[in-house]
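Colleague: Generate coordinates for the sequence data below:
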Amino acid sequence: MASKVWDDLSMCNADFSKIFHGNFPLRRINALELLYLDCVEYNVRVSAASYAKYYFHLRSIYKSLKLGHLSAFDSNTPLNLEGARKMQVISEDYEERIKLLPPPLRRRSRTISSQVPSERIVEEEYRYSDLTAAPASLEQLVHMEVKSAGGNSSPYKYTGWSKRHSE
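Modeller: Model (predicted):
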């Protein structure tokens, strides 16, 4: 539940059902979620401190039980300019591809299917960190020049906020 509250792209209950290979059927997960929500009277506020505390606690349990290897847990490197540029290109490419999908297929989160191994998803998301590059500052990222996959470059400008609040 905390993941759904805090994460921008949280997993769906169907994903959890697939991860646990049918040990927790989707109907059971949905029923447990509704029961939990009823017990907490739909108050799902989770403080940042509590979320961080339990996130790192669960992560250390996962690592100590040696349930598998997730490279995301080993990647504590800060974002650098080259990594930010790569992420920007990938993000723009994804945004263009998602526009081509019919509306019912657009989703907030990525469902793990039997056709896409979960290891591949983790590799795709975390392979762009470079340990040798200098870390990037927020100012550099905000004013960076974005290069698209086609080689065109343009300075990144966000004008939506100023238009909304200038009236």
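
Colleague: domains of this structure?
Modeller: Listed by automatic domain parsing, the domain ranges of the chain are 1-68, 77-155.

Colleague: And the ones you listed, which one averages the lowest pLDDT?
Modeller: Within those, confidence is poorest for domain 77-155, with a mean of 61 (mean pLDDT).

Colleague: how far away is N43 from A84?
Modeller: Distance, N43 to A84, by C-beta to C-beta, to the nearest Å: 37 Å. (Glycine included, C-beta is placed from N, CA and C.)

Colleague: Name the residue in the two with the higher neighbour count.
Modeller: A84 (16 against 8; other C-beta atoms under 10 Å).

Colleague: SS state for the more buried one?
Modeller: Judged by DSSP: H, G, I helix; E, B strand; the rest coil, the three-state class of A84 is helix.

Colleague: which stretches of the protein form helices?
Modeller: Remark: helices assigned in the chain by DSSP state H are 2-6, 13-19, 26-39, 48-65, 71-74, 81-99, 118-126, 138-142, 160-165.

Colleague: what's the fourth one packed up against?
Modeller: The reference is to helix 48-65. With contacts defined as 3 or more C-beta pairs under 8 Å, 6 or more residues apart in numbering; DSSP states H and E, helix 48-65 has these neighbours: helix 2-6, helix 71-74.

Colleague: Packing partners of the longest one?
Modeller: Of the remaining helices and strands, those touching helix 2-6 by 3+ C-beta pairs under 8 Å, 6+ apart are helix 48-65.

Colleague: that older thread, out of the helices of the chain, deepest packed?
Modeller: When you average the neighbours per residue for each of these (mean count of other C-beta atoms under 10 Å), helix 13-19 leads with a mean of 16.

Colleague: could you dump it to CSV, C-alpha only?
Modeller: These are the backbone C-alpha positions of helix 13-19, laid out as CSV (Å, rounded to 0.1, in the frame of the first residue of the first chain):
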residue,chain,number,x,y,z
ASN,A,13,-1.9,-6.0,-7.7
ALA,A,14,-1.8,-8.2,-10.8
ASP,A,15,2.0,-7.8,-10.9
PHE,A,16,2.3,-9.0,-7.3
SER,A,17,0.2,-12.0,-8.1
LYS,A,18,2.5,-12.9,-11.0
ILE,A,19,5.6,-12.4,-9.0
